[in-house]
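> Task: produce atomic coordinates for the following.
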Amino acid sequence: YRGNVTNNYVKFADKYWRIVRINGDGTVRVIYDGTSAHANGEASADRQIGTSAFNSSYNDNAYVGYMYGKIGASTYADAHANTNNSTIKTYIDNWYKTNIVGTTNEQYLADNVFCNDRSISGNIPDSNFNNLGYGTNTTAYRWYYFADSSYNNKMMLMCPQKNDAFTVSDTTNGNGALTYPVGLLSTDEIVLAGGWYASNSGYYLFTGQIWWTSSPEGYDNGAYVHYVYSSGNAGYVDDGVYYDVGVRPVFNLKAEVLAQGSGTATDPYRISS
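The predicted model follows:
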C-alpha cells in the first residue's frame, strides 16, 4: 500500500490500524493508527500510543539496537548481542501486555520478522568513519545514507542479518529474541509506502507527529536511529536515541482478520462476526 490510499483500514483489538503490506507468507503487516479512524493528512497524537526514547542512553554503538549487548564492547558481536531490552521495546511490550495479552486477539497475531538493520554501510567516502560498529567507534549503518544515494539505493523487505531479524519463536527466518510479536516499521517500509526525504502530508503514514522507525543511522558522538518527522519527512534524524518521540506499534496479522469489511474508514477490515 503506497501513497494516499483509503482502502487499508483495519479495526482490530478495538483500535484502528493501516495495512502497510502483505508479507510473503500471506500475513498482513499493519501499523497503529488510533482509537478512531483518521483521514490521510490528519495530524493527530491519537495516531500513536504515546512517546518514548528509543534508548535512554546514547553514548555507545550498542544503543542503536531494539535489543543490545555489552556497553563498551570490543567486538561488533558483543555490542549487538540481543541480551538487553531497549527503552522503546520495553514501552511497546508493556503496551502489548496491557492491551493484547489474555484476550482472544492473541490468536490472530503472526510471528513475522521486524528488522532492526544494523548492517554497516559498505561504501563510506568519509574518512572519519572507521565502521567497526562497537563501543564509541564512529560508524555508518546502512541508513546513514538515504534512499536516493548511490551508497544506499536498494530498498529491502528482507532483513540482511539474522541477528537483526526480530521474531518470537521463528529461528529459521529470525533471531527468536522477542517476547511478543510486535515491533516497529523500518525506513525501507516507510519509503516504499510513499515517504521520502522531504515533507509529505499526502501519504497514509503521515501523522503530524514525530515517530520512531527501527532503522539505525549511525554512531557519531552518540547513537542515532531514524524517525519520521512531523512534516512526514521519512529520512529525518536530528537528535540521538534519547529523544522522546512517538511510538506506533506494528503487528503481523493472520489473513482471517480481514474477513469482513471493504477497508475504508467507515467500513474497515475486521474479524468476521
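> What backbone torsions are found at the residue lying closest to W196 once chain neighbours are set aside?
Ranked by Cβ to Cβ, 6 or more residues apart in numbering and with sequence neighbours excluded, the top spatial neighbour of W196 is A234, at 5.8 Å. Bear in mind the C-beta positions are built from the backbone N, C-alpha and C, glycine included. Per-residue torsions, A234: phi -90, psi 0 (degrees, to the nearest 10).
> From F206, how far off is A234?
Per Cβ to Cβ, to the nearest Å, A234 is found 10 Å from F206.
> Kindly report the same for M156.
In terms of Cβ to Cβ, M156 sits 23 Å off from F206.
> Now for A234 and F206: what residues contact both?
Common contacts of A234 and F206, defined by Cβ atoms under 8 Å, 6 or more residues apart in numbering, comprise N200.
> residue ranges for the helices of the protein, please.
76-79, 87-99, 187-192 (DSSP state H).
> got the buried residues for the shortest one?
Along helix 76-79, these residues count as buried under the neighbour rule (16 or more other Cβ atoms under 10 Å): Y76, D78, A79.
> contacting residues around that helix?
D60, N61, A62, Y68, G69, K70, A73, L132, G133, Y134, G135.
> from those residues, which has minimum pLDDT?
pLDDT across these is lowest for L132, at 90.
> Got the phi and psi for that one?
Dihedral angles (degrees, to the nearest 10) for L132: phi -100, psi -30.
> Distance-wise, check it relative to V64.
Here the criterion is Cβ to Cβ. By it, L132 lies 13 Å from V64.
> Compare neighbour counts for these two and give me the winner.
V64 (31 against 17; other Cβ atoms under 10 Å).
> Okay, Y76 and Y134: tell me how far apart.
5 Å.
> since we're on the nearest residue to W212 once chain neighbours are set aside, how many residues are nearby?
Closest residue to W212 apart from its sequence neighbours, by Cβ to Cβ, 6+ apart: Y227 at 5.0 Å. Residues near Y227, counting by other Cβ under 10 Å, number 26.
> Quick check: Y227 touching S214?
No. The pair Y227 / S214 is not scored as a contact, 10.3 Å apart, by Cβ atoms under 8 Å.
> can I assume D117 is in contact with E217?
No. Counting by Cβ under 8 Å, D117 stays clear of E217, with 10.7 Å between them.
> Of all the helices of the chain, which one is nearest P181?
With Cβ to Cβ, the closest approach to P181 among the helices of the chain belongs to helix 87-99: 8.5 Å.
> Give the other helices and strands that the closest one contacts.
On a contact count with 3 or more Cβ pairs under 8 Å, 6 or more residues apart in numbering; DSSP states H and E, helix 87-99 meets strand 50-52, strand 245-247.
> I190 is in contact with R21, correct?
No. Using Cβ under 8 Å, R21 is not in contact with I190; the gap is 11.1 Å.
> quick one: which of these two has more around it?
I190 (24 against 17).
> And that one, what's its pLDDT?
I190 is given a pLDDT of 97.
> residues contacting it?
L205, T213, V228, A234.
> mind listing the strands in the stretch 101-250 of the chain by residue range?
Assigned by DSSP state E, counting those that start in this stretch, the stretch 101-250 of the chain shows strands spanning 114-115, 139-140, 165-166, 211-219, 223-228, 245-247, 250-253.
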